[in-house]
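Chemist: Provide a 3D model corresponding to the input given below.
(one chain, ligands or ions: 1)
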Amino acid sequence: MAAIDTSGPKESVSSAGGAAAGGFADRHLLGLHGLGAPQVRSMLTLARRYAGHEADGSEDPAAWRATLRGKVVANLFFEDSTRTRVSFSLAAKRLGAEVIDLTAMGSSVSKGETVADTALNVAAMGVDALVMRHASSGAPRLVVRALQARVRAWDARGVVASVVNAGDGKHEHPTQGLLDSYTIAESHGRLEGFDLSGLRVGIVGDIASSRVARSNLACLTAMGAQVVFIGPPTLVPGVFEKMGAQVVHDIDAVIGTLDAVNVLRIQFERHGAAAGGAKAAPNVIASVREYHERYGLHAARLERLKKGAIVMHPGPINRGVEMTALAADDPRSVVLRQVRHGVAVRMAVLQMCIGNQGPAR
Ligand code: NCD
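Modeler: Okay, here's the model as predicted:
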């Protein structure tokens, strides 16, 4: 799947109103897989400006509001979210866009409408970007196809929007991949050029269910880092080696070699875990307690971290399961830096998809 997708008829997905949008009209961000370093670097470099990391300190946040002035961004979240939804909203507002929020509950999705129909209807109101989260892998792609298929239909004239994937099933979560790479670059002094070569990044946990892991793998390998997927074979099958990751089932064998440890939640809801929530063991682990002992980030493992290594987590954290409260609050934890960078990265992505002017080069 192409990441920034420029396929399809030019007029199918263009900036509403036909305003000149430089070379960045007609854009979707569906995933990071297949992107090269130059594309990733251009997004991260633009984010650097919004994260306040530009060396000359010349940035003027008041001027940013022209970037999406007159634009409308719709959040279509069919799955729960705290960080991603709020940060897309903030990102859009900081660039001067209007934001509307729609969730599955309280929308016509609960009356049986398809996701594509919901999205087309929202786009028909003159929305410029559809930021979508959905439990089904590929749902954002489906919406792009629906937009493209209807473009020649009379009643769909003017129904144009960029689609930005905010997490689809187990597939991709591109802005999370970008913000994680950004945070690693910041912590290791790589903000100039975002070259991550020589760094080893461990991602621990429920890789099989994780869109975060897939987008991280694509982004990190594009920028030259080595990625190690760590967890039990039920959660980290060997097939990921074909995608370019190293697969390791014994965390203690590698913990001291990592420059960043990104810890993931077990996606209980995707394993059909019934009542019992985060404390119920799905059939892929023997028990939560055993998992914590074998793979959790706890004091003994923190001690073995390499000098300069950072601890990451995309959230939401299940304290006591994949990491202890102590690890989450450890000085090496950059969890809130990740959240902070999420806004900057999403500002960059929205600008590149629907900005009134192209990105700074
Ligand atoms: C993740 C997600 O929803 O994919 N969280 C996030 O967006 N920050 C990870 C998770 O739910 O475990």
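Chemist: who's in contact with Met347?
Modeler: Counting by CB atoms under 8 Å, 6 or more residues apart in numbering, Met347 touches Leu46, Ala47, Tyr50, Trp64, Ala91, Arg94, Leu95. All C-beta spots, glycine's among them, are computed from the backbone N, C-alpha and C.
Chemist: now intersect those with the helices, please.
Modeler: Applying DSSP state H to the contacts of Met347, the entries found in helices are Leu46, Ala47, Tyr50, Trp64, Ala91, Arg94.
Chemist: show me which of those residues is closest to Asp252.
Modeler: Nearest to Asp252 among the ones in helices among the contacts of Met347: Ala47, at 34.7 Å, using CB to CB.
Chemist: mind checking pLDDT for the closest one?
Modeler: Listed pLDDT for Ala47 reads 97.
Chemist: ok, now which ones touch it?
Modeler: Counting by CB under 8 Å, 6+ apart, Ala47 has contacts Leu178, Leu179, Tyr182, His341, Ala344, Val345, Met347, Ala348.
Chemist: so what's the first one closest to, chain neighbours aside?
Modeler: Read it as Leu178. Val345 (4.6 Å; CB to CB, 6 or more residues apart in numbering).
Chemist: can you give me the neighbour number for the one you found?
Modeler: Neighbourhood size, Val345 [other CB atoms under 10 Å]: 30.
Chemist: now do the SS call for it.
Modeler: The local conformation at Val345, judged by DSSP: H, G, I helix; E, B strand; the rest coil, is helix.
Chemist: from Pro237, how far out is it?
Modeler: To Pro237, Val345 is 29 Å away according to CB to CB, to the nearest Å.
Chemist: right, and Ile327 touches Glu303 too?
Modeler: Residue 327: Ala, not Ile. No: the criterion here is CB atoms under 8 Å, and Ala327 misses it with Glu303 at 10.9 Å.
Chemist: isn't Val131 right next to Val164, touching?
Modeler: Yes: Val131 lies in contact with Val164 (CB under 8 Å); the separation is 4.7 Å.
Chemist: more neighbours: which of Ala327 and Glu303?
Modeler: A count of neighbours by other CB under 10 Å puts Ala327 above the other of Ala327 and Glu303, at 23 against 9.
Chemist: could you give me the average pLDDT of stretch 266-282?
Modeler: Rounded mean pLDDT across stretch 266-282 is 70.
Chemist: nice, that's everything, thank you.
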